[in-house]
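1. Next comes the sequence, and after it the predicted model I'd like to discuss.
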Amino acid sequence: MKFLSIVGARPEFVQVAVLSHELRERHEETLVHTGQHYDDRMSEQFFSDLGIPQPEINLGVGSSPAGEQVARMLVGLSEAVRREDPDVIVVRGDTNSTLAGALVAKQLLRPLAHIEAGMRSYDRTMPEEINRVVTDHLADLQLVTDDAARDRLAGEGIVRGVHVCGDVMLDIFVRARTGAAAALTPELQALACEPFDLLTLHRAENTDDRERLAAIVAGFERAPRPVLFPVHPRTRARLGEYGLTLPSNVRATEPLGYLAMVALECAAKTIFTDSGGVQREAYFAEVPCVTLRDTTEWTNTVEAGWNRLTGASTAAIAAALADPPARPATHPPLFGDGRAAAKILAVLESPETVELVRAARETRSARGQAASTARATETRGESGAVTR
Ligand code: UD1
Ligand code: UDP
């Protein structure tokens, strides 16, 4: 079979890492990078750290307001799908690249597989929530991380094509963590020898609201340990625009490569973040997490006692720094066994997928014939309007 995998943002590079190799061993895969993330440290670094095949196609859409960004992706992806003619399109997560991939797949009558389906924060002011809801309702195959995600989809009437596979981010995390420390610079190695906390922050709801960003920064004012803060370019830009200065104990760095990040996650005392991926990685690393959001889609980590929400409350962040959350006694396998990619591959090769591919080909062929018949009877009027 021929697969077209779409990625564009940092977490998607991590999510594609294992599956891409497995797909290429047995099938054909075209990897399309939308270019949503493009700085070396936000993109190329992940391909080299994780040994991901170089994308066959890079659309180079770059940054722009969401509507324009998605529109550019739609144009480029439509062309790529027409040219590559894949049997199945695979998207992951909840970014604008995910949304564009899902729309193009269905517009061009291709079966759509969505990795990490069924996640909800129930906050529709988040662009990611819109992207997830739309993608889930368009996908033919929903590759969910756990039973709760399957149940959420069932609650929305999505019951066909749902498969519980675990989390592909765990697959790569367990492979990367041994030896990841070698990726640390001498400065980061020295820092990681002493107790420290780790911070990441990039969500629009925190960065694009001056009051919230200022309140979060103020929470770190009296940090009792060094706080290592690899800064997302969006956040760096907003801190500058708002004239906010980081407290002295917060050590800002450029965004880190995946291996360095994993090494630091494993060594941190507490991880403060608003990232979906980092919340789960904190759990994989068995390090308590403090989530700087009012909601999370990873409620299972909160229920297990390994994650707490502080929102943008200065007091709650300061309290978590002063009195770090303890490690709970139990650590259930919430995200599967580290073999999610193999399970996803089995679904992608199953008779269910083969039937979806057959049915989609039949529909395209019938529509293609109808369209060519229609074209033969159409002439274009001088005004440009199509007339018969
Ligand atoms: C996107 C995803 C978010 C995900 C995050 C992962 C959407 C709606 N959001 O957010 O779900 O958690 O990626 O990191 O898709 N920029 C650069 N260089 C880059 C990339 C971005 O400077 O390589 C700057 C630009 O100023 C850009 C801003 O960051 O405008 C935001 O980038 P964008 O990709 O739109 O959203 P993210 O915040 O990265
Ligand atoms: N990450 C990284 N370097 C950093 C920050 C994050 O390698 O400086 C990795 C992180 O370990 C995880 C992924 O990027 O694997 C998560 O991406 P991000 O937090 O940008 O997005 P989200 O998961 O919130 O969509």
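-> Here it is on my side, so go on. Ligands and ions are numbered 1, 2, ... in the order given.

2. Where do the strands of the stretch 201-350 of the chain begin and end?
-> Shown for the stretch 201-350 of the chain, the strands assigned by DSSP state E, counting those that start in this stretch span residues 227-230, 250-253, 271-273, 289-291, 307-309.

3. near ligand 2, which residues of the chain show up?
-> Applying CB under 6 Å from any ligand atom, one finds that the chain approaches ligand 2 through 10-11, 14, 200, 202, 230, 255-258, 261, 275-278, 281. Using the backbone N, CA and C atoms, a C-beta is placed for each residue, glycine as well.

4. Contacts only, for whatever residue of the stretch 51-200 of the chain ends up closest to ligand 2.
-> Of all residues in the stretch 51-200 of the chain, Thr200 sits closest to ligand 2, at 5.1 Å by CB to the nearest ligand atom. Taking CB atoms under 8 Å, 6 or more residues apart in numbering, we find Thr200 in contact with Phe229, Pro230, His232, Ile271, Phe272, Thr273, Asp274, Ser275, Val278.

5. Between the residues you listed, identify the one with the most neighbours.
-> Counting neighbours by other CB atoms under 10 Å, Phe272 comes out on top of those with 26 neighbours.

6. what does the stretch 51-200 of the chain have sitting close to ligand 1?
-> Counting by CB under 6 Å from any ligand atom, the residues of the stretch 51-200 of the chain near ligand 1 are Ser63, Asp94, Thr95, Asn96, Pro127, Glu128.

7. for those residues, which one is nearest Gly161?
-> Asp94 (18.4 Å; CB to CB).

8. wait, that closest one sits on Ile115?
-> No - counting by CB atoms under 8 Å, Asp94 does not reach Ile115; the two are 10.7 Å apart.

9. where do the contact lists of the two overlap?
-> By CB under 8 Å, 6+ apart, no residue touches both Asp94 and Ile115.

10. Tell me which residues are up against the helix or strand hosting Ser20.
-> Using DSSP states H and E, Ser20 sits within helix 10-26. Contact with helix 10-26 is made by 3, 5-7, 29, 31, 37, 42-43, 46-47, 50-53, 90, 92-93, 95, 97-98, 115-116, 168-169, 171-172, 175, 255, 258, 275-277, 341-342, 344-345, 348-349, as judged by CB under 8 Å, 6+ apart.

11. Check stretch 360-367 too.
-> Asp87, Leu109, Arg110, Pro111.

12. Give me the distance from stretch 281-299 to the chain's centre.
-> 15 Å (CA atoms, centre = their mean, to the nearest Å).

13. how about the contacts of stretch 360-367, which pair is most distant?
-> Asp87 and Leu109, at 11.3 Å, using CB to CB across the contacts of stretch 360-367.

14. These two - which one has more neighbours?
-> Asp87 (20 against 17).

15. pretty sure the more buried one is touching Thr30, no?
-> No - using CB under 8 Å, Asp87 makes no contact with Thr30, being 11.1 Å away.

16. Overlap in contacts, these two.
-> With CB under 8 Å, 6+ apart, Asp87 and Thr30 have common neighbours Lys2, Phe3.

17. which SS class is Leu109?
-> coil (DSSP: H, G, I helix; E, B strand; the rest coil).

18. so what's it up against?
-> Ala360, Thr363, Arg364, Arg367.

19. what's the least confident helix or strand in this structure, going by average pLDDT?
-> With mean pLDDT, DSSP states H and E as the measure, the helix or strand of the chain carrying the lowest mean pLDDT is strand 386-387 (a mean of 36).

20. Just the closest of the contacts of Leu109 to ligand 2, please.
-> Distances from ligand 2 to the contacts of Leu109, taken by CB to the nearest ligand atom, are shortest for Ala360, at 29.3 Å.

21. what's the spacing between that closest one and Pro127?
-> For Ala360, the distance to Pro127 (CB to CB, to the nearest Å) stands at 29 Å.

22. can you check Leu309 too?
-> Relative to Pro127, and taking CB to CB, Leu309 is found at 20 Å.

23. Contacts only, for the residue of the stretch 101-250 of the chain at minimum distance from ligand 2.
-> In the stretch 101-250 of the chain, the residue that lies nearest ligand 2 is Pro230 (3.4 Å; CB to the nearest ligand atom). Shown in contact with Pro230 (CB under 8 Å, 6+ apart): Thr200, Ala252, Thr253, Glu254, Pro255, Leu256, Met261.

24. Give me the buried subset of the residues you listed.
-> Taking 16 or more other CB atoms under 10 Å as the criterion, what is buried in the contacts of Pro230 is Thr200, Thr253, Pro255, Leu256, Met261.

25. Apart from its chain neighbours, what residue comes closest to Asp167?
-> Phe335 (3.9 Å; CB to CB, 6 or more residues apart in numbering).

26. just to revisit the earlier point, restricted to strands, list the contacts of helix 10-26.
-> If you go by DSSP state E, the contacts of helix 10-26 have Phe3, Ser5, Ile6, Val7, Glu29, Leu31, Val90, Arg92, Ile115, Glu116 in strands.

27. so which two of those residues are the farthest from each other?
-> Glu29 and Glu116 (18.3 Å).

28. buried ones in the helix holding Ser20?
-> 10-20, 22-23.
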